[in-house]
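In: okay, sequence plus prediction incoming.
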2 protein chains.
Amino acid sequence: MLLLGSKECQGIVSRPPETPERDERRAELLDAADRVVRREGPRASMNAIAAEAGITKPILYRHFGDKNGLYRALADRHSATLLDHIREALAAPLDRRERVENVIDTYLGAIESAPQVYRFLAHPDPAADSLSPAGPLAPTLRAIAAELSHAIAAQVDLGPESNLLAEAWGQAITGMVLASGDWWLENQPFPRERMVQTLADLLWGRLAAAADNPGATNGE
Amino acid sequence: MLLLGSKECQGIVSRPPETPERDERRAELLDAADRVVRREGPRASMNAIAAEAGITKPILYRHFGDKNGLYRALADRHSATLLDHIREALAAPLDRRERVENVIDTYLGAIESAPQVYRFLAHPDPAADSLSPAGPLAPTLRAIAAELSHAIAAQVDLGPESNLLAEAWGQAITGMVLASGDWWLENQPFPRERMVQTLADLLWGRLAAAADNPGATNGE
DNA sequence: AGAGTGGTGTTACCGTCGGTAACGGCGCTC
DNA sequence: GAGCGCCGTTACCGACGGTAACACCACTCT
């Protein structure tokens, strides 16, 4: 896959035009794929999805090109609504702390309400070689990070190079919420609001400001 | 793999005893695997690794059980040194900000000096069904997060429930550095020290403290 | 010496996966 | 009613992870 250069497995099937009925069919197939992914996680096979849809593989390939196409279509569908909510939270007329809390809460609420789906969005099977050579963040998270970066750059005064700074922070915050959200989801140690507070506190420098531990053995 | 329950593919081969010479051989095989991973990334196939080692697959399986076993052995080897460095940075007698910067710098330095290897550590091929059903963080990162959590709990006074808080933050910071580090590695926008500063600033509440952007259209 | 025995290594295979070629029909328009 | 275009099929390919079965080599034990 990485060292043999010529034929291997890949190709285009036919990709017929786009009519309304076709979109409908596409949606049906995506529904089936969705069901399978919810049931089996992000590693659902094309065979399984085809079976769930009551058809066979080649049809899927005609509609979506390859596995990645299908997965992307499915991811787009879900991430669209998530992105909308995040954009909304990002634009709310609140003070900054509340806004940040809202964004985090939006994400956590989403992953909480449909874990399998958001696991699929956040941790897609990287076996698909398609795009990024080894993407750090899944496309959906990339989009979230971009949205975040944009909002930061627009709303906060960070001096020169603010765009670069905002982008770094967008990536950082996305990764932070992703990882901790995943952890929180797996062993829910406390309710969501508390988790939101905890993360916002971290961003608000509470780690930096907290007192040393009395019994600490380290210098300083 | 997920829906068919009986025979499929898996099993134990023999797993002979552990002698010094055997460990030596193991190390040789891991060297070969390391070379392949460095060359081809985290998706190196068992065939490729066996070929690089000048032998064939079944030997690898005798030594490591399955692909995941090999990968885990390889990951352990690298993550041991990384973990050592991080532990060291975590215990240094500096003030808190410098300590945090040191830890971040340690991680970024590591991923910078051997990108393929650390991509392999951070983004292992989840096709391996082995352990975590859909682990949020790779084992190595889990270990880092645990180390971090432990250090935070030990060094910082966070009031009641400090352990839980420290764990959440450990996960959060790990994810933050992972994601932003990955981004930084892919399109190095500025030098490492600057990136370290940027992330430490974020943890120090600079996002929270910064002034509003003059032209911002949002409320507040 | 000769017969185990336990390690090394092999070849040849299995089942699954992603993906495709080639074909069979159905319904449509000219 | 002949052609065209689309839905759907069966049957296959090559790569993958993993294994069974066997061959060889060295060393010991009687």
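Out: On my side now, so go ahead.
In: C-alpha from now on. contacts and neighbour counts both.
Out: Will do.
In: check the offset of the helix or strand of chain A with the lowest mean pLDDT from the chain's centre.
Out: Across the helices and strands of chain A, mean confidence by mean pLDDT, DSSP states H and E is lowest for helix A:115-122: a mean of 86. The chain centre lies 8 Å from the centre of helix A:115-122; the measure is CA atoms, centre = their mean, to the nearest Å.
In: and after it, which helix or strand comes next?
Out: Sequence-wise, the next helix or strand downstream of helix A:115-122 (DSSP states H and E) is helix A:139-155.
In: show me what that next one is packed up against.
Out: Here helix A:139-155 touches helix A:67-91, helix A:115-122, helix A:162-186, going by 3 or more CA pairs under 8 Å, 6 or more residues apart in numbering or on different chains; DSSP states H and E.
In: most packed of those?
Out: Compared across the helices and strands packed on helix A:139-155, helix A:162-186 shows the largest average neighbour count, a mean of 23 (mean count of other CA atoms under 10 Å in any protein chain shown).
In: the residue lying closest to A:Ser162 once chain neighbours are set aside: neighbour count?
Out: Sequence neighbours aside, A:Ala153 is the residue nearest to A:Ser162 in space, at 6.3 Å (criterion: CA to CA, 6 or more residues apart in numbering or on different chains). When neighbours are defined as other CA atoms under 10 Å in any protein chain shown, A:Ala153 has 22 of them.
In: so A:Ala153 versus A:Gln171, what's the distance?
Out: 13 Å (CA to CA, to the nearest Å).
In: ok, now A:Leu29?
Out: From A:Leu29 to A:Gln171 the distance is 33 Å (CA to CA).
In: could you dump the helices and strands packed on helix A:139-155 into TSV with distance to A:Ala200 added?
Out: Converted to TSV, the helices and strands packed on helix A:139-155 look like this (distance: least, CA to CA, whole Å):
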stretch	distance to A:Ala200
helix A:67-91	14
helix A:115-122	21
helix A:162-186	10
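In: ok so, going back, close to DNA strand C, is the least confident helix or strand of chain A?
Out: No. Judged by CA under 7 Å from any atom of the strand, helix A:115-122 and DNA strand C are separated, with a smallest distance of 13.6 Å.
In: got a list of contacts for that helix?
Out: A:34, A:37-39, A:41-42, A:75, A:79, A:110-111, A:137-138, A:140-141, A:178, A:185, B:134 (CA atoms under 8 Å, 6 or more residues apart in numbering or on different chains).
In: swap the cut-off to 7 Å and go again
Out: By CA atoms under 7 Å, 6 or more residues apart in numbering or on different chains, the list of residues contacting helix A:115-122 from outside reads A:Val37, A:Arg38, A:Gly41, A:Pro42, A:Ala75, A:Ile111, A:Ala138, A:Thr140, A:Leu141.
In: using PDB, write out every CA atom in that helix.
Out: Only the C-alpha atoms of helix A:115-122 are listed here, as PDB (Å, rounded to 0.1, in the frame of the first residue of the first chain):
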ATOM      1  CA  PRO A 115     -21.000   8.200  21.800                       C
ATOM      2  CA  GLN A 116     -20.600   5.700  18.900                       C
ATOM      3  CA  VAL A 117     -21.300   8.300  16.300                       C
ATOM      4  CA  TYR A 118     -18.900  10.800  17.800                       C
ATOM      5  CA  ARG A 119     -16.200   8.300  18.300                       C
ATOM      6  CA  PHE A 120     -16.600   7.600  14.600                       C
ATOM      7  CA  LEU A 121     -16.200  11.300  13.900                       C
ATOM      8  CA  ALA A 122     -13.300  11.800  16.200                       C
END
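In: and the angle for it with helix A:139-155?
Out: Inter-element angle recorded for helix A:115-122 and helix A:139-155: 70 degrees (by axes from the mean of the first three to the mean of the last three CA atoms, to 10 degrees).
In: what angle separates helix A:115-122 from helix A:67-91?
Out: Using the same axes, to 10 degrees, helix A:115-122 lies at 100 degrees relative to helix A:67-91.
In: how close does the closest residue to A:Lys67 other than its chain neighbours sit to DNA strand D?
Out: Nearest non-adjacent residue to A:Lys67, counting by CA to CA, 6+ apart: A:Met46, 7.0 Å away. When CA to the nearest atom of the strand, to the nearest Å is the yardstick, A:Met46 and DNA strand D sit 11 Å from each other.
In: cool, and A:Leu178?
Out: The value you get for A:Leu178 to DNA strand D, if CA to the nearest atom of the strand is used, is 27 Å.
In: over to A:Ser79?
Out: Distance, A:Ser79 to DNA strand D, by CA to the nearest atom of the strand: 26 Å.
In: can you name the residues that contact that residue?
Out: By CA under 7 Å, 6+ apart, A:Ser79 lies in contact with A:Thr140.
In: how about A:Glu167?
Out: Neighbours of A:Glu167 in contact, by CA under 7 Å, 6+ apart: A:Ser149.
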